[in-house]
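In: I'll drop the sequence and a predicted model, then ask my questions.
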Protein chains: 2
Amino acid sequence: MAAAPQDDGEGGAMGLFDEAIAVRPGGEGVWHADLRDELTIVNGRPNGGYLLAVLGAAAVAELGDADSHVVSATASYISPPTVGPVTVLAEVRRRGRTASQVHAVMGQDDRRTVEVQMVLAGIDAAAPDWGNIAPVDLPPEAECRSTVGGTSSPLSGLTAPPLSQVLSLALDPATLGFASGRPGGEGEIRGWLRFVDDRPFDPTSLLLAVDALPPATFEIALTGWVPTLSLTAYIRAWPAPGPLRVRMRAGIIAGGRVDEACELWDSAGQLVAQSTQLAAIRLP
Amino acid sequence: MAAAPQDDGEGGAMGLFDEAIAVRPGGEGVWHADLRDELTIVNGRPNGGYLLAVLGAAAVAELGDADSHVVSATASYISPPTVGPVTVLAEVRRRGRTASQVHAVMGQDDRRTVEVQMVLAGIDAAAPDWGNIAPVDLPPEAECRSTVGGTSSPLSGLTAPPLSQVLSLALDPATLGFASGRPGGEGEIRGWLRFVDDRPFDPTSLLLAVDALPPATFEIALTGWVPTLSLTAYIRAWPAPGPLRVRMRAGIIAGGRVDEACELWDSAGQLVAQSTQLAAIRLP
C-alpha cells in the first residue's frame, strides 16, 4: 500500500487505521492487506484486535453488502504474523436475510496465522429495547494516565508501544497498581480510549478496541504476557462520536487459564461492544 | 451405530449420551457420527449443545491425546442438521505443548451445518488460583420444576422435548413466569441439571450442558424461538459428580439481537463452565 494518504471515498484522506486495515481483492475470496508497524504491541507483533479488524474488513468486502457489518467474531490465534503482507481467504458460509456468516483465515508465508468465524448483519445506533449495562464510572479523561508501565512493571517495554501512535488509552489511576509493581488485586483495568487522530469509532474499529487494554490480570499478578487462546467480540450498536469507556475484568484463574471480559460504551453511555477471551497465564 | 449398549472401554455399558456422541474414524480427518432423536428439541432439530459435543468428541479423537479436552469452543450454526448420519471434518491447526487448536465442520448431505473453532488442553479438578464466581442460589432440586411450559407458554411444544429423556432440568420456580405466560422480567433462568441416567458430567458433556436451558429471554418476552448466531463455551474445571447448578442471563436486547451468558457450577460449588451467545430475537 502506498504511504501517501488515500481517498476514503468521501473526498477525505484516509487515516492511518483505515490504511492499515485496507484490503485489496485478489479474486476467488482472496484479499490482500499489509500489516502496519504502527499497530504492533510487543516484539513487533501486530495487536490481536488489529488482526481481527483486518479480517473483519475482508469479510465485509467479501460479503459485498454495504449495510452488513461484523456483529460477532471469534478469533483463534494460531501463529503470530509479522508486519508486512498477509493474505486473507474469506468465504461466505451462509448469506441470510437478516444475518450472514463468513469464515476467514489470515495467511502469511503459507502459514495460517489467525482464523475467524463471523456473523455479519445490520447495525444501528438505537438504544437497547431491553436491558442496560450501565457505563463504567471513570475519572475525567484528563485525570487518567495515558502511558502505562514504569521500569519495574511487566509493561516496561510498553511505555510507548507503537500502537499508542494510533490509539490513545487513558487508564483510571485506581487500576494502575501494576504499573508501579503493586497490582491492586481487583483484576480490573478501565479507562478511556480514542483514536489519536480522533477518527470516530465504527463497527470495524470496535474490533480493534475490544483488545486494546493491557490484560486485566496485570492487576492480579506480575506475570509475563498473557496470550489469548480464543477471543470473541460482539458489536452491539453503532457508536456515537467521542471517546469510549472501556472496562476489562478477569473472571477466574484456574488450571493455567483465565477468562477476561471487556465492555465498551460510547460517549452517549450506550454499550457498543462486548468481548470475552480465554487466555493462558502462568502465575509466579 | 448399533442400538445395543456398547462397551465404554472400562468394562461398563455405554449410556445413551455416550452412544449419541460416538464418532467413528473415516480417515484423513473425517469422523462419522449418528445424530440421535433423543437429543432433539423442537421440530426434530438436534440441540445446539449436542452438536457442539459431537464436534468436540471428533476434535478430541482427531488430536489423539488422551489428556486433552475441549477448553474453548465457538460454534457457528450455519444450517440445522436433522437426525441421522453426519460427517465431521476435523483438522488440527496447531499442536502445542500446553494447548492445541482444532477446527471442525459438521456436514450432512454435502451441506455445512455447524462450524467450530476449538482449543484443547488438559483440564483438572483443582480449585481456582484466583477469583471465585459464587454458585447461583437455588431452592433444593426437589422444589424445582422438571417440566416447563403450559399450553399458553412459548414452550407449549416443549413440555417434554425428546432431550428430557436424556437431561433432567429442574428450574427454579421463581424464574418460570414464562411457563404460565407471565415472564418475570428479570431475563434470568436458573436451575439444576443432571443426566437422567446419572452419568457424571465431564468436559465433553459440559458442551451439551451449556446450551440446555430455555432462552433467558423467555423471562423477558413471549417470543418465538431465539436462534443462536454464535455460541462460545469455556470449560474451566473437571466437574465433581452430581447435578450442576446453571444460570442463564440475558444482557441487552438491541437491534434484533441479544447476548446471553450461562454459568455452570458443580456439586462442590466450583465454576466448571461458562458460555456466551449472540442470538437473534424478534420482540412482539
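Out: Received it, and whenever you're ready, just let me know what you need.
In: Please list all residues in contact with A:Leu208.
Out: Residues near A:Leu208 by Cβ atoms under 8 Å, 6 or more residues apart in numbering or on different chains: A:Phe17, A:Leu39, A:Asn47, A:Gly49, A:Tyr50, A:Leu52, A:Ala53, A:Leu167. Quick note: C-beta positions are derived from backbone N, CA and C, even for glycine.
In: ugh, typo on my part, it should be A:Thr82
Out: A:Leu35, A:Gly44, A:Arg45, A:Pro46, A:Gln108.
In: can you put the contacts of A:Leu208 in TSV and add pLDDT and neighbour count?
Out: Shown next, in TSV, are the contacts of A:Leu208 (pLDDT from 0 to 100; neighbours: other Cβ atoms under 10 Å in any protein chain shown):
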residue	pLDDT	neighbour count
A:Phe17	96	22
A:Leu39	95	26
A:Asn47	94	21
A:Gly49	96	28
A:Tyr50	97	27
A:Leu52	98	30
A:Ala53	98	27
A:Leu167	93	22
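In: got a list of what the closest residue to A:Arg282 other than its chain neighbours touches?
Out: Spatial nearest neighbour of A:Arg282, excluding adjacent residues (Cβ to Cβ, 6 or more residues apart in numbering or on different chains): A:Thr223 at 6.1 Å. By Cβ under 8 Å, 6+ apart, A:Thr223 lies in contact with A:Pro154, A:Thr217, A:Ile281, A:Arg282, A:Leu283, A:Pro284.
In: roughly how far apart are the second one and A:Pro284?
Out: Between A:Thr217 and A:Pro284 the distance, using Cβ to Cβ, to the nearest Å, works out to 11 Å.
In: So A:Leu52 is in contact with A:Met118, correct?
Out: No: with contacts counted by Cβ atoms under 8 Å, A:Leu52 stays clear of A:Met118, the gap being 9.2 Å.
In: between those two, what contacts are shared?
Out: Common neighbours of A:Leu52 and A:Met118 (Cβ under 8 Å, 6+ apart) are A:Ala73.
In: returning to what we had before: pick out whichever of A:Thr217 and A:Pro284 has more residues nearby.
Out: Remark: of A:Thr217 and A:Pro284, A:Thr217 carries more neighbours, 25 against 6, as counted by other Cβ atoms under 10 Å in any protein chain shown.
In: List phi and psi for that one.
Out: Torsion angles at A:Thr217 (phi, psi; degrees, to the nearest 10) stand at phi -70, psi -20.
In: Next one: it relative to A:Thr228, how far apart?
Out: Taking Cβ to Cβ as the measure, A:Thr217 falls 12 Å from A:Thr228.
In: Give me the common contacts of those two.
Out: By Cβ under 8 Å, 6+ apart, A:Thr217 and A:Thr228 have these common neighbours: A:Ala279.
In: before we move on, back to that, so of the contacts of A:Leu208, which ones are in strands?
Out: The strands, defined by DSSP state E, take in A:Leu167 from those.
In: Pick out whichever of the contacts of A:Leu208 sits closest to chain B.
Out: Nearest to chain B among these is A:Leu52, at 13.1 Å by Cβ to the nearest Cβ.
In: Identify the residue nearest that closest one in space, chain neighbours excluded?
Out: The shortest distance from A:Leu52 to any non-neighbouring residue, by Cβ to Cβ, 6+ apart, is to A:Leu207 (4.5 Å).
In: Now do the SS call for that neighbour.
Out: Secondary structure assignment for A:Leu207 (DSSP: H, G, I helix; E, B strand; the rest coil): helix.
In: Residue numbers of the stretch 151-284 of chain A in contact with chain B?
Out: Contact residues (Cβ under 8 Å from any Cβ of the partner chain) of the stretch 151-284 of chain A with chain B: A:187, A:220-221, A:229-230, A:232, A:234, A:236-237, A:250-259, A:271, A:274, A:276, A:278, A:280, A:283.
In: The same query, at a cut-off of 7 Å, please.
Out: Taking Cβ under 7 Å from any Cβ of the partner chain as the contact definition, the stretch 151-284 of chain A meets chain B at A:187, A:220, A:229-230, A:232, A:234, A:236-237, A:250-257, A:259, A:271, A:274, A:276, A:278, A:280, A:283.
In: Next step: those restricted to strands.
Out: When those are checked against strands (DSSP E), the matches are A:229-230, A:232, A:234, A:250-254, A:257, A:259, A:271, A:274, A:276, A:278, A:280.
In: By neighbours, which of these wins?
Out: A:Tyr234 (28 neighbours).
In: which residues does that one contact?
Out: Neighbour list for A:Tyr234: A:Val71, A:Ser72, A:Ala273, A:Gln274, B:Asp259, B:Leu278 [criterion: Cβ atoms under 7 Å, 6 or more residues apart in numbering or on different chains].
In: any idea of the pLDDT on the last one?
Out: We note a pLDDT of 98 for B:Leu278 in this prediction.
In: so it sits right up against A:Ser72, yeah?
Out: Yes: with contacts counted by Cβ atoms under 7 Å, B:Leu278 reaches A:Ser72, the gap being 4.7 Å.
In: overlap in contacts of the two?
Out: With Cβ under 7 Å, 6+ apart as the test, B:Leu278 and A:Ser72 both reach A:Val119, A:Tyr234, B:Leu229, B:Ser230.
In: Which elements pack onto the helix or strand bottoming out on mean pLDDT in chain A?
Out: Sorting the helices and strands of chain A by mean pLDDT, DSSP states H and E puts strand A:167-171 at the bottom, at a mean of 93. Applying 3 or more Cβ pairs under 7 Å, 6 or more residues apart in numbering or on different chains; DSSP states H and E, we find strand A:167-171 packed against strand A:188-195.
In: Can you give me the neighbour number for A:His69?
Out: 23.
In: Which residue is the nearest non-sequential neighbour of A:Arg190?
Out: Spatial nearest neighbour of A:Arg190, excluding adjacent residues (Cβ to Cβ, 6+ apart): A:Arg247 at 4.3 Å.
In: Pretty sure the one you found sits in a strand.
Out: Yes: counting by three-state DSSP, A:Arg247 is part of a strand.
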